[in-house]
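Participant: Sequence and predicted structure are below.
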Amino acid sequence: MNENEIATKVVDAAYHIHTKLGPGLLESVYETVMAYELKQRGLNFVRQVPISIVYENVHLEEAFRADLIVENKVIIELKSVEIISPVHKKQLLTYLRLTNKHLGLLINFNTELIKEGINRIVNNL
């Protein structure tokens, strides 16, 4: 399964979640429910993945945590905020670069329509 096929299933899951639960819950709730929905769709994923980086030849353990990595290809960053700021998008792009992954989805559940809360971030895709 390629990144775009994975993203299609993730977006479908986000739509399903937003339709049933709506906006206003904590990110941790959306993450838990997203994990359930991804499992229902037969996708492999890991939650709260500690990512190590090398900085100036020093290996730094757990430099950051990715909310979800799906099929070891797509990073999902979940938010429940009033407004997605440019730094959120830059953060996800940096995660993609540091993990050498090509696609990330920044999903903000705190929107009236979920399509307004989904941002596709690419790294050399």
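Facilitator: Right, received. Where do you want to start?

Participant: Next SSE downstream of the lengthiest strand in the chain?
Facilitator: If you go by DSSP state E, the chain has its longest strand at strand 58-70. Sequence-wise, the next helix or strand downstream of strand 58-70 (DSSP states H and E) is strand 74-79.

Participant: Tell me what the most centrally placed residue in the chain is bridged to.
Facilitator: Among the residues of the chain, the one closest to the centroid is residue 76, at 1.1 Å (Cα atoms, centre = their mean). Using DSSP bridges, the beta-bridge partners of residue 76 come out as residue 68, residue 105.

Participant: Give me the distance between it and residue 124.
Facilitator: 19 Å (Cβ to Cβ, to the nearest Å). For glycine as for every other residue, the C-beta is placed from the backbone atoms N, C-alpha and C.

Participant: Could you export the helix or strand hosting residue 37 as CSV, CA atoms only?
Facilitator: Under the criterion of DSSP H and E, residue 37 resides in helix 27-40. What follows is helix 27-40, C-alpha atoms only, in CSV (Å, rounded to 0.1, in the frame of the first residue of the first chain):
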residue,chain,number,x,y,z
GLU,A,27,-6.3,15.4,21.3
SER,A,28,-5.8,12.2,23.4
VAL,A,29,-9.4,11.2,22.9
TYR,A,30,-9.1,11.7,19.1
GLU,A,31,-5.8,9.7,19.1
THR,A,32,-7.5,6.8,21.0
VAL,A,33,-10.4,6.7,18.6
MET,A,34,-8.2,7.2,15.5
ALA,A,35,-6.2,4.1,16.7
TYR,A,36,-9.5,2.1,16.9
GLU,A,37,-10.6,3.3,13.4
LEU,A,38,-7.3,2.5,11.8
LYS,A,39,-7.4,-1.0,13.3
GLN,A,40,-10.9,-1.4,11.9
